[in-house]
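Asks: How does the following fold in three dimensions:
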Amino acid sequence: QTTAAAAAVAGTSRYSFPSYQVSAQDENPLNTIFGPGGVEGGEGIDLQGGMNLAMTGQGAFFGDVMSKGALLAAEQVGAAGGPAITITINDHESGEVPPSVNGVRKLISQNGITFLQTSYGAPSEALIPILQQNKILTFNGGGASPKQLFADYLWMTRMVFAYDPTPGALTWLATNYPDAKRLATIGTLENGVEALEQLVPQVWPDVSDGGEVVAKEIHDVGLTDFSQVIARVKSSNPDAIFTVSFGNDLGYLVKQFREAAVTVPIVGIEFTQDAQTIAGASYDTFVFATDYYDTKNPNPWNVEFVKAHNEKYQKDPEYYGANYYEQVFVVWDLVRRVLADGGDPKSGEALQSALVANPVFHSVYGGDADNVGEMSFDTESHTISKPMGVFSVKDGQPVLLQPIPPELVPPAQRPA
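Replies: Prediction:
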């Protein structure tokens with residue numbers, strides 16, 4: 001486990017929002033967005049948080065960026081006169097269930113955490129009974145899977161991985177490649193399984209006017225040699241490829257398919273800069289659909305986030321770091337609400353009740369130069385509503401092709 005205590009990061013620019021007025025002596029722009037510090041902001045409260053991340057193994061990239069986002073947020077909350085948030089990180093070793101369960105039990109019993117930020121599908125699904133028994137408010141902004149929906153104390157801060165963007169992605173593919181009928185699919189058993197097994201066979205024949213799925217390839221997480229997958233996919237003679245593979249795997253996949261002279265469209269559901277670096281110029285042939293985070297979004301809170309992230313880490317934030325950054329501010333907002341009602345801000349039960357009472361929060365997604373973005377939770381399914389789109393890659397950078405309309409997002413289904 002790795003422990004990091006909150007430290008101060010001061011903002012320099014200011015914005016005016018109707019929600020709060022910042023006093024003359026308070027130059028922190030986060031107080032303009034979230035409210036004053038001090039007693040009503042939770043100053044003087046020591047709050048223990050936990051993270052359950054892939055800090056080692058093939059998914060260490062995710063653990064690195066997720067933890068950086070959350071730790072920055074904890075520092076900023078403290079600097080804005082909020083609670084002192086200490087975050088202790090458990091390593092689930094890139095998706096392993098035993099270290100996830102055992103590590104989170106320790107976070108609860110030894111560190112006394114009030115809230116948890118988890119990642120991946122299977123390691124998080126295995127935690128549900130523990131979280132409910134101990135009333136630990138938990139957020140997943142990474143591998144949000146269908147089996148985590150409707151679970152008490154567990155909330156998603158990203159659209160459901162693969163499942164939510166699949167209809168929009170396939171509709172775009174069928175519209176822009178009307179002659180494509182034969183679809184090959186590729187993924188892993190870690191996440192996105194429901195999208196490949198349930199949604200694609202339903203959606204693709206409908207949107208492609210009678211198309212069919214001609215191959216379904218499942219590979220191990222962390223695969224770097226896709227030669228056997230490529231051979232089997234090529235033998236199915238597809239007109240297009242749809243993949244729910246993620247992380248660096250996706251970079252190797254796209255690069256090696258293109259090197260094997262496979263020129264059909266490849267559409268996925270994720271973009272990371274590391275995968276783009278692996279794939280190089282071939283990534284400019286890749287299209288993906290997701291609730292993508294844009295560092296250039298002029299949303300005032302996002303501007304502050306990008307600036308602070310660059311100051312602390314000397315690089316721009318990315319999608320996953322943004323999600324876990326937001327989660328800490330959701331917790332701060334909930335602490336503020338609980339305090340206003342005279343409740344215990346260290347109670348997971350009280351924090352969740354405050355969330356259910358008002359499931360709307362600020363976001364670094366959406367908004368514009370004058371307005372902070374907004375996200376809202378569905379209090380039944382525990383999913384989030386964020387803007388999604390279909391993106392191409394140009395010169396290594398995502399470019400929005402078209403938004404995905406809300407009617408193309410499948411309704412949340414209770415897990416079997």
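Asks: Could you use CA atoms for every contact and neighbour count after this?
Replies: OK.
Asks: For the nearest residue to residue 326 once chain neighbours are set aside, which residues are in contact?
Replies: On the basis of Cα to Cα, 6 or more residues apart in numbering, the spatially nearest residue to residue 326 that is not a chain neighbour turns out to be residue 363, at 6.7 Å. With contact set as Cα atoms under 8 Å, 6 or more residues apart in numbering, residue 363 has these partners: 301, 326, 372, 373, 374, 375.
Asks: wait, doesn't residue 141 sit right on residue 323?
Replies: Yes. Taking Cα atoms under 8 Å as the contact criterion, residue 141 and residue 323 are neighbours in contact, 5.4 Å apart.
Asks: tell me, what's touching these two both at once?
Replies: Common neighbours of residue 141 and residue 323, counting by Cα under 8 Å, 6+ apart, are 157, 158.
Asks: Distance of residue 95 relative to residue 399?
Replies: 30 Å (Cα to Cα, to the nearest Å).
Asks: The two: which has the busier surroundings?
Replies: Residue environment comparison for residue 95 versus residue 399 gives the larger neighbour count to residue 95, 25 against 16, counting by other Cα atoms under 10 Å.
Asks: how close does the residue nearest to that one when sequence neighbours are not counted get to residue 90?
Replies: Here the nearest residue to residue 95 in space, its sequence neighbours aside, is residue 123; by Cα to Cα, 6+ apart that works out to 5.8 Å. Going from residue 123 to residue 90 by Cα to Cα gives 12 Å.
Asks: Please enumerate the shared neighbours of the two.
Replies: Each of residue 100 lies in contact with both residue 123 and residue 90 under the rule Cα under 8 Å, 6+ apart.
Asks: so where's the stretch 1-150 of the chain uncertain?
Replies: 1-26 (pLDDT under 70).
Asks: can you give me the helices in it?
Replies: Counting by DSSP state H, counting those that start in this stretch, the segments of the stretch 1-150 of the chain that form helices are 29-34, 60-79, 97-109, 122-125, 128-134.
Asks: Now render those helices as TSV, adding mean neighbour count and distance to residue 309.
Replies: Listed next are the helices of the stretch 1-150 of the chain as TSV, based on neighbours: other Cα atoms under 10 Å; distance: least, Cα to Cα, whole Å:
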stretch	mean neighbour count	distance to residue 309
helix 29-34	23	14
helix 60-79	24	7
helix 97-109	18	27
helix 122-125	24	27
helix 128-134	16	30
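Asks: Looking at the ones you listed, spot the one closest to residue 52.
Replies: The closest approach between residue 52 and any of the helices of the stretch 1-150 of the chain, judged by Cα to Cα, belongs to helix 97-109 at 6.7 Å.
Asks: tell me how far that closest one is from the chain's mean position?
Replies: 21 Å (Cα atoms, centre = their mean, to the nearest Å).
Asks: Which strands or helices does that helix pack on?
Replies: Identification of packing neighbours for helix 97-109 by 3 or more Cα pairs under 8 Å, 6 or more residues apart in numbering; DSSP states H and E yields strand 46-53, strand 84-91, helix 122-125.
Asks: now the contacts of residue 363 in JSON lines, with pLDDT?
Replies: As requested, the contacts of residue 363 are exported to JSON lines (pLDDT from 0 to 100):
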{"residue": "301", "pLDDT": "97"}
{"residue": "326", "pLDDT": "98"}
{"residue": "372", "pLDDT": "96"}
{"residue": "373", "pLDDT": "93"}
{"residue": "374", "pLDDT": "93"}
{"residue": "375", "pLDDT": "92"}
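Asks: quick check, nearest of these to residue 51?
Replies: Of all those, residue 326 has the smallest distance to residue 51: 13.8 Å, by Cα to Cα.
Asks: what angle do the one helix or strand that closest one maps to and strand 84-91 make?
Replies: Following DSSP states H and E, the helix or strand that holds residue 326 is helix 319-340. With axes from the mean of the first three to the mean of the last three Cα atoms, to 10 degrees defining the directions, helix 319-340 sits at 140 degrees from strand 84-91.
Asks: Next SSE downstream of helix 319-340?
Replies: Toward the C-terminus, helix 319-340 is succeeded by helix 348-357 as the next helix or strand (DSSP H and E).
Asks: For that following helix, which residues meet the burial criterion?
Replies: Judged by neighbour count using 16 or more other Cα atoms under 10 Å, the buried positions of helix 348-357 are 348, 349, 350, 351, 352, 353, 354, 355.
Asks: Tell me which residues touch the fourth one, please.
Replies: Residue 351 makes contacts with 137, 331, 334, 335, 338, 345, as judged by Cα under 8 Å, 6+ apart.
Asks: ok, now how distant is it from residue 56?
Replies: If you measure residue 351 against residue 56 using Cα to Cα, the figure is 31 Å.
Asks: likewise the fifth one?
Replies: Per Cα to Cα, residue 352 is found 31 Å from residue 56.
Asks: For residue 300, the count of nearby residues, please.
Replies: Counted with other Cα under 10 Å, residues neighbouring residue 300 total 24.
Asks: How about the contacts made by it?
Replies: With contact set as Cα under 8 Å, 6+ apart, residue 300 has these partners: 15, 368, 369, 370, 371, 372.
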